[in-house]
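Asker: This is the structure alone, sequence omitted:
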């Protein structure tokens, strides 16, 4: 039997207390250790032809479809 959890804990990723607890855990109990939590980045693809884009385009250079940024990238661009 697996001991895993089905809880979605992504809302705690940016919490300072979570970062501090994780830092203490991976450092062997040392205080002041700062970890970097990497987040998976999905490549931006054209909705029309699925070409991988660089992210600066307004229109796909392959098929001309207007590029729509995912919700998370739109918030960062604002």
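Answerer: Thanks, I have the structure now. Note that the structure is predicted; figures quoted are calculated from it, not measured.
Asker: for the host helix or strand of residue 23, which positions count as buried?
Answerer: Element membership for residue 23 (DSSP states H and E) is helix 16-26. Residues of helix 16-26 classed as buried by neighbour count (16 or more other Cβ atoms under 10 Å): 19, 23. Every C-beta, even on glycine, is put in place using the N, C-alpha and C of the backbone.
Asker: where exactly do the helices run in the protein?
Answerer: 16-26, 71-77 (DSSP state H).
Asker: Those: lowest mean pLDDT?
Answerer: Least confidently modelled of the helices of the chain is helix 71-77, at a mean of 52 by mean pLDDT.
Asker: State the number of residues packed around residue 46.
Answerer: 20 (other Cβ atoms under 10 Å).
Asker: Who are the contact partners of the residue positioned nearest the centre of the chain?
Answerer: Nearest residue to the geometric centre of the chain (Cα atoms, centre = their mean): residue 39, 4.0 Å. Residues near residue 39 by Cβ atoms under 8 Å, 6 or more residues apart in numbering: residue 13.
Asker: pLDDT-wise, which helix or strand of the chain ranks last?
Answerer: helix 71-77 (a mean of 52; mean pLDDT, DSSP states H and E).
Asker: the domain parsing of the chain - what is it?
Answerer: As given by automatic domain parsing, the domain ranges for the chain are 1-39, 42-78.
Asker: Alright, calling it a day.
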